[in-house]
Structures are given as C-alpha cells and as structure tokens.
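>>> Let's see this in three dimensions:
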Amino acid sequence: MLLGYKPVQHVTFLGCGTSCHQMISMDLNSASTVVLQVLTQATSQDTTVLKPAEEQLKQWETQPGFYSVLLNIFTNHTLDINVRWLAVLYFKNGIDRYWRRVAPHALSEEEKTTLRAGLITNFNEPINQIATQIAVLIAKVARLDCPRQWPELIPTLIESVKVQDDLRQHRALLTFYHVTKTLASKRLAADRKLFYDLASGIYTFACSLWNHHTDTFLQQVSSGNEAAVLSALERTLLSLKVLRKLTVNGFVEPHKNIEVMGFLHGIFERLKQFLECSRNIGTDNMCRDRLEKTIILFTKVLLDFLDQHPFSFTPLIQRSLEFSVSYVFTEIGEGVTFERFIVQCMNLIKMIVKNYAYKPSKNFEDSSPETLEAHKIKMAFFTYPTLTEICRRLVSHYFLLTEEELTMWEEDPEGFTVEETGGDSWKYSLRPCTEVLFIDIFHEYNQTLTPVLLEMMQTLQGPTNVEDMNALLIKDAVYNAVGLAAYELFDSVDFDQWFKNQLLPELQVIHNRYKPLRRRVIWLIGQWISVKFKSDLRPMLYEAICNLLQDQDLVVFFDCFIVFVLDIFLPVRIFISRLLFLKSITECDTKMHVLHVLSCVIERVNMQIRPYVGCLVQYLPLLWKQSEEHNMLRCAILTTLIHLVQGLGADSKNLYPFLLPVIQLSTDVSQPPHVYLLEDGLELWLVTLENSPCIAPELLRIFQNMSPLLELSSENLRTCFKIINGYIFLSSTEFLQTYAVGLCQSFCELLKEITTEGQVQVLKVVENALKVNPVLGPQMFQPILPCVFRGIIEGERYPVVMSTYLGVMGRVLLQNASFFSSLLNEMAHKFNQEMDQLLGNMIEMWVDRMDNITQPERRKLSALALLSLLPSDNSVIQDKFCGIINISVEGLHDVMTEDPETGTYKDCMLMSHLEEPKVMEDEEPPTEQDKRKKMLALKDPVHTVSLQQFVYEKLKAQQELLGEQGFQSLMETVDTEIVTQLQEFLQGF
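As a prediction, the model looks like this:
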C-alpha cells in the first residue's frame, strides 16, 4: 500500500527490453521498477540512451496498467524529482489521448476509477512544480468526468482545504482552483448548467474560505513573520482565484445573488486594506510580488465581471469610478499605487466610459431601462470638475516623459522606439494605457474637454527655453494630447496657422535638448496631416522633413519616416540615402518598422525606385543574412522584395543572384523556415515571374519546389496555380518539356480530392497550356483529357466545371484536330462505341449545355470549334448541323456589334498589333506577363479569326461539298428564325 492508496494488485504490461514484445503479468511494484528504469533513462542527456527510452515509453502508452504505474511513481516522494516530473507529464499527456471513452486504445473504466481515487487520496506533494502539474492533470480529468463519473471530487477538495496541515491545505486549494478554472471554461449549454449548479452550491463556502484566509493574512502582516505572511497570502490568492471563476462564470444573473454582490462590493474595502499593507511591505520583501499579484487579481475580478455582465455591474459603477479616480488622479494614491495597478484602474474607467451597454440610443425612448440607469450614473459622476481634473492630470502628469524614458532614449533609442509602439500594449503598459484612456474620455466628453485642452495649448504659445526641461516636457505632453485628439479638435484648431506660426519654427530648433519637441512636432503633424492640412503648406513641411531626415537621433528619424509615408510625396533619394545609416540598427522590431516604411515608399513611387536599387541591393542581402534566426523579420524582407520587384519591372532580373535563392528557401517545404515564409515567398515567386522579361535557368529550376507544394493542398494552392500559369506564359515549350509529366501527375492526384473550385483552377492551367502551345500542350496533358471528355459526355452537373471542360475541349478541337481525332478514337474504345456515335453525343451535349458558358471568349471558341468540323459529309455531323448553326448564331449575337454609320456588323473580339491600350495616370503600368498575354491574344483564333467570316466560309464549303440541293435540305433542318438571323449577320458576303 502506497500513501494510503491501495493499488491494483496485478497489471497486464509490456515488458521492457528490445527483444521482449509479448504481454506479461506482474504485480504493480515489479512493473514500477521496470518503468522507473526506463523513465530514468528518458531523463538522460545522452541521446543514445534517451531515444530508445522514449520509444519504449511510447509503446507502453496504450498498454493497460501503464498509468497506474506512473501514478505509483510520481506519488513516491523518495524518487528523483526529474523522474517524477516526467511521470506526471506522461500521465497528463495520456489523459488528452486515451481518457475519453471513444478514444482509440481508451483506458478501461475500471482503471480510470482506480486512478481517480488515487489522484485525490493525499494532497501532500512537496515540490511546487510537480504539485502544479498534478493539479492540472486532476483538472483535465475533472473536465471529462466531473461530476457524473467523479461526484466525490468537489466534496473531497472542500474537506481537504479545511484541514490544518499547511501543505495539504495549500495543495488542495491549488487543485480546487485548477478544477474550478477548467470547469468554468466549458461552453456547451449542458456543461454551463452543471457549472451554475456547482457555483451556487459552493459559493458560500468559497466566500467564507477567502474571507478566512484574507483575515489571517491581514493579522499576520503585523507579526513580522515573513514566512507566515507569505503562506497566508498564497492561500488568499488561490481562494480569490477560485472566487473569481465562480463569480464571473457561475451565475446567469449574478446581480440577483446577494452573496455575489456582497463579495463584489467588499472588494473595494479589501483593496484599500491591501494597498495600505503595501506601504509597510517594501519592494525587497519576499511577499511584495505576491501582494501586488493579489491586488491586481482584485481588479481583474471587477474587469472580468464588467466584461461578462455589464448590466449586473451597474450597481458597482459608482464605487468603481470613485475608487479608481481617487487612487489614480488624486493624492490618495500617492505612496501605495504601482504601475500595473494604475493600468488596471485606468482600464476599468475606460471600460465603463466606452461600454456600449451603457450608451443610450439617439432616441432615448428606444433604450432599455438598464442602459438608461447606467448612463445616468455615469453622467452624475463625470461632472465638469471631475473631467477637467482627469484631463489635466493625464496630460500634465501621466503624459510626461519620465527620467527612465529619457535615459532609455539616450542609451537605447531603438528600444525606446519599439516601446512607444505596439498592438494591445495599452492593456498592460502605462503610457499606451493613459493615451487610450485620454482618447476615449475626450471622444465621449469632447464638448466639455475641448476648451480645457485649448486653454493648455494657449499657455504654451511661442518658443520654450531649452534650459527649462520641465517646460519642454509639458509642451511635449500637451502636443501629444492635441495629436491624439486631432479628429475631435477639427473645428476648434486652425492647424494651418498653428503650423506656420508655432510648429514650423520649433522644427528648426536644432539644440539637443529640444529633440523631444522636434520628434513630438513631427509626430503631431503626422496625426493631423490626414485631418486638416493645406496642400500649399507642404513645400515648407517637405523642407523641414528633409532637414530632419539628416538627424542623427534614431527616434526623431523614425518619426520622420512615419510622416514620410503618411501623405507626402518626397523625393526617394532622401529616404534611400539614409539606408546606410540604418545598417547600424540591431533591434529586430526596429528593422521590421524600417522595412514596413520602405515597402510603403516603394509601393508609392513604383518605377521611380529604379535609380536607387544599388543602395537597396547592398542593404537587403545583408539584412537577410543577419535575420537567419528571425523568421518574422524575413517575412518583412519578403514583403519589401515583392514591392521592389513590382517597382523594378523587367529590371528585377538584375536582382536574381539574391532574389532567386530567397524564393528557393522560402518555398522549399523540406526547410523548417517555410512554415513562416511560404505565403510571402510564393507571392514573391509570382511577382518575379510576372515581371521577368525571359526565362532564366535558375528561375526554371526553382519549379522543383512546386510538386511538394501541390501535395500540401493548402490555402496557397491558388497562388501555386498562378505561378504555374506564369511559367506557361513565360516559356511554355521549355517549361512543359521539363516539368509537364510530373505536373500532370500532380494534377491527376489533385482532381481526385479537390473541391469544385479547385478543379476549375487546375483545368484553367491546362486550358492556358493548350492556348499557348496547341501542339505540345495536348500531348503533355494527355492523361487529363479523357477525364474532361468523359465529363462532357456524362453531362457534368456543375455549370462552372462544364464550362471549363468545354473550353479545354474547344481548344483541342479547334487548334489540334489530329490530336482530337486520336482522343476520340481512344474514348470510343473506352465507351465501347463507334467514333461517329460518340462524336454525335458530344456535339449534342455541347449544344445542350452551351448556356453553362458565360464568358464571351469561350462562347466564341465553342462556335469556332464546332464549325471547324465543317465541311463534312459525315452523316452524324450533318445530323447535328442544326445544333452547330444554333451555337454559331448565338456566338454571333455575343460578339457582333453594329456600326451605326455603315449599318454593317463587326466582330468586337478581333485585335490587331496597332491597338495599344492607353494607360491612365492612376493605373499600374503593364507587367511583362501582361505584355505576353497581349502577344498571345494576337495569335489566338478567338481574337484573330472573324466569326462572321468563319461562318460564311464554312457554310460555303459545305454548300460546295453537298451541292445546292443537298445544302438546301441541310438548311431546312434549322429553325427559320435562326436562318433569318444568320442571313442578317452574313449580309455583304
């Protein structure tokens, strides 16, 4: 018997040793010895010992009794800690894989019952990390089994947290928290109902437990016994974590529960007590970290409750605002608050101010009573004096650059720049948090706060003494506020006049102490430039930025970059010339910032980037080499290269020595970085092809990466098809001769499992190959064509797929008649039909499904393809003559336009070399691939053959073949209305 737990006496288990693979029976202790030996080997640093041990453990995972042995090992406190840790991890992973009844190799119900009992027999694990893992794995089992299969879990935990033994009490409380947290996370309606029942059943106990531990801590604080204080505080924290989950997730209408609302109201008093404790517990005290975590947890309870139950929070709005504002914006908070607490309080104010549940409709009568009540409380609190004080304190206290920030600016400007930016940092960092709170309050109460901010602006007119650092920092803070509130101040600030009279002169002050203001002014202009800034002032701004781009201070320099890309068209040479300066940058985030700006610049100036490629070619390969361990930075480089290739056009071939190896690495699925680089790498590959003037052997060689990419069948398939089309348009003969066989095999595999849309994409590639190379294309994609033929004969039910089938077959029939004949012969054998009969069936289906084709080019192609069967004395073709004429007339209706002056008809799809499309100023210039497509169109029968002429010639040839009487008999099979329309189109022939 181990630790009061009576294990299964015998387990069926797989023996250890490479030659022994039969099932043997042994008692638990013997099995433990075997597994213990292998677990010990699995903790080795020697891979020759480690790997076989891991393989053996993997084999045992599915064996009955294995997890009983693991439980026996990790609950034995005399064993090596690393071995016990590994046993816990294997047990935890086994729960995920084999605990569910429907899982392959699922644990038996008998073994699970025994394991559940063993897990909660004793809560006396001495090692914190292992205790946490055991608590987590118990919670995992509880998620699957509690309460139905494990009704005793919660009662056992409740009894265990009452014991006097400190270790057992703590471990039980830790487990209680993890179980509660896990059960609270379940989202199915039935699970939610179970958790509501659990919460209502244990909430009173949880409250009393928390109050008990909290009172114990507050009593211990004055004792001076740090170990006892820390122990009590740890229990306070865990019991509060349990209460947080129960309060936030355990009630549908928590405001109707007296205990819940009593606990929430009590938080404010408890917070005051804990904040007062922080006066006496210094930063060097071992309890300080836990104390701050507990204080933050109190605020998290309020924030979570507000987020999940905004209307239930209404009775707490007044106290929350009073508490937060007093500690953050008055002297009450001095000496007790700390940064994370201030952030949480500001977030609480922000969530109340911005909460949509508290905003009434424009028509008050349409708002719910709950909304109106909450709005009334907000309006009563945010009076003019309160708002004014909040605004002034935010700007004059929290917006000020601190001594630490100024030091960081000097010693680590890149770190300072990164610190200033960043996503959701407002949730956790003080400066972004204060700025977001200011924006939200100013937006909500702009009529009250606009005069306050304007008054602060007015007091700062004129130059500031460079020796007065405090005055410089206050001006920086006010300018920050004016920039953040730019949209709200649109009608209140004459920004153009302010720029000329105040801001521009300040940009020209070159004193080193003035650099915070230079940087703030350029940032401020960036905020206002899209709001209100006259175009005739831009030359002055342009000149100022040109000077600032020479500034050796990185922070000022980066803010100039931002304005550079916002709205101003500056000469690229200034920006590019500074890239050599940027080589000294070391921070990954800063490099990504530079690359983003560089991409924006290249995208904006497009071809005007060409004279400055030399500098970029020096910078980007160096950066790529330096970023070998930073895949996200490499993604940013790929994005920059995409814009660079688009800007360079055909000249991008000069970048191939750097560009093509980058594409090769990024799109090679055998290389680990492809996980991060693939999407951008494929896009770069595509634009490189589109802008390539001719095929290069290295560019052709990269296509070896394509086959594994097609096997992935990922969301990147569409880009892969575009790349394949790019090769076909660039060098069809060389490409098809090299890769068509493998590509055709990949396509055949894809067509078996791909979606309808995917099938169309594959067939469009084949259609392009037939269009570009009518002779080689059908031979290379011959294995796919029977599938297309069969689809037509059997009447493919998806119109878009049928349309593509007919497009592919139309190309073969029109442009390679001999191949079509051999294909027809092959299919006749497969269908066990005569060739003529099969051809007749195909024409009949073609005519019947013509309406599936919506693209005018394909409709004309169908008419040309079927007309190419004429003249013919074949009885089957003559039998389908009516259908062929019907399609031809439909095609004529599609493509013929009447000249209003001459009254004659003209084929609108005909193109000539003389037609050069005009490129508008705001349009992108044509890529090399666009030019190739234009040249292809000039050889395409659809664009070079007049359908009107073709119909006339084919009918005339048919008439000559059959004679006048025979031809007349054939024409009588056609509807008279169709004949009349045909005659109209053929007038003049």
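>>> mind listing what's buried in the strand or helix carrying Val876?
Using DSSP states H and E, Val876 sits in helix 875-879. The neighbour-count check on helix 875-879 (16 or more other Cβ atoms under 10 Å) flags Val876, Ile877, Gln878 as buried. C-betas here are computed from N, CA, C, even on glycine.
>>> Just the mean pLDDT for that helix, thanks.
The average pLDDT within helix 875-879 is 91.
>>> Same question for stretch 334-353.
Stretch 334-353 comes out at a mean pLDDT of 94.
>>> Stretch 632-648 now?
Averaged over stretch 632-648, pLDDT sits at 88.
>>> And stretch 469-489, by the same measure?
Mean pLDDT, computed over stretch 469-489, is 94.
>>> Would you mind listing the buried residues in it?
472-486, 488-489.
>>> Please flag which of those sit within helices.
Secondary structure from DSSP state H places 472-484 of the buried residues of stretch 469-489 in helices.
>>> that older thread, and the following helix or strand past the helix holding Val876, what does it pack onto?
Tracing the chain past helix 875-879, the next element assigned as helix or strand by DSSP H and E is helix 881-895. Counting contacts by 3 or more Cβ pairs under 8 Å, 6 or more residues apart in numbering; DSSP states H and E, helix 881-895 packs against helix 835-848, helix 856-867, helix 947-971, helix 976-985.
>>> three-state assignment of the spatially closest residue to Trp685 that is not a sequence neighbour?
Excluding the flanking residues, the one nearest Trp685 by Cβ to Cβ, 6 or more residues apart in numbering is Ile663, at 4.8 Å. Assigned with DSSP: H, G, I helix; E, B strand; the rest coil, Ile663 falls in the helix class.
>>> burial count for Ile663?
Residues within reach of Ile663, counting by other Cβ atoms under 10 Å, total 24.
>>> just wondering, since we're on it, how far is it from Val800?
To Val800, Ile663 is 32 Å away according to Cβ to Cβ, to the nearest Å.
>>> burial count for Cys287?
For Cys287, the neighbour count with other Cβ under 10 Å is 23.
>>> I figured Gly795 hits Arg849, correct?
Yes: with contact defined as Cβ atoms under 8 Å, Gly795 counts as touching Arg849 (6.9 Å).
>>> which residues are common contacts for those two?
Shared contacts of Gly795 and Arg849 (Cβ atoms under 8 Å, 6 or more residues apart in numbering): Met802.
>>> Looking at those two, which is more packed in?
Per other Cβ under 10 Å, whichever of Gly795 and Arg849 has more neighbours is Arg849, with 18 against 10.
>>> Distance check, the nearest residue to the more buried one once chain neighbours are set aside against Leu517.
Spatially, and ignoring its direct neighbours in sequence, Arg849 is nearest to Met802 (5.4 Å; Cβ to Cβ, 6+ apart). Remark: distance between Met802 and Leu517 (Cβ to Cβ) = 69 Å.
>>> helices or strands next to the helix ranked longest in the chain in the packing?
Ordering each helix of the chain by length in residues (DSSP H) puts helix 717-753 first. If you count contacts as 3+ Cβ pairs under 8 Å, 6+ apart, helix 717-753 packs onto helix 674-690, helix 697-701, helix 706-712, helix 756-772, helix 776-780, helix 928-937.
>>> Flag every buried residue along stretch 276-290.
Cys277, Ser278, Ile281, Cys287, Arg290.
>>> Next, give phi and psi for the residue nearest to Arg849.
Taking degrees, to the nearest 10, you get phi -60, psi -40 for the backbone angles of Met802.
>>> shift numbering so it begins at 741
I'll keep to 741 as the first residue from here, and by that count the last item is Met1542.
>>> Correct me if wrong: it contacts Met1590.
No: assessed by Cβ under 8 Å, Met1542 is found out of contact with Met1590, at 9.9 Å.
>>> coming back round to it: quick one: which of the helices and strands packed on helix 1621-1635 is nearest Leu1678?
With distances scored as Cβ to Cβ, the stretch of the helices and strands packed on helix 1621-1635 nearest to Leu1678 is helix 1596-1607 (14.1 Å).
>>> I'd like to know which elements the closest one is packed against.
Partner elements for helix 1596-1607 (3+ Cβ pairs under 8 Å, 6+ apart): helix 1539-1555, helix 1575-1588, helix 1621-1635, helix 1681-1684, helix 1687-1711.
>>> can I get these in a markdown table with distance to Glu1343 and mean neighbour count?
Shown next, in a markdown table, are the helices and strands packed on helix 1596-1607 (distance: least, Cβ to Cβ, whole Å; neighbours: other Cβ atoms under 10 Å):
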| stretch | distance to Glu1343 | mean neighbour count |
| --- | --- | --- |
| helix 1539-1555 | 34 | 23 |
| helix 1575-1588 | 46 | 18 |
| helix 1621-1635 | 38 | 21 |
| helix 1681-1684 | 33 | 18 |
| helix 1687-1711 | 42 | 16 |
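>>> Format those helices as TSV; extra columns: distance to Ser979.
Compiled in TSV, these are given as follows (distance: least, Cβ to Cβ, whole Å):
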stretch	distance to Ser979
helix 1539-1555	62
helix 1575-1588	76
helix 1621-1635	78
helix 1681-1684	78
helix 1687-1711	84
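>>> Which of the ones you listed sits closest to Leu1601?
Judged by Cβ to Cβ, the one of the helices and strands packed on helix 1596-1607 that comes nearest to Leu1601 is helix 1539-1555, at 4.4 Å.
>>> Which strands and helices lie in contact with that closest one?
helix 1496-1512, helix 1525-1533, helix 1557-1571, helix 1596-1607.
>>> Buried residues in stretch 1043-1057, which are they?
Across stretch 1043-1057, burial judged by 16+ other Cβ under 10 Å covers Leu1043, Phe1045, Leu1046, His1049, Pro1050, Phe1051, Ser1052, Phe1053, Thr1054, Pro1055, Leu1056, Ile1057.
>>> The fourth one against His995, yeah?
So that's His1049. Yes: with contacts counted by Cβ under 8 Å, His1049 reaches His995, the gap being 7.3 Å.
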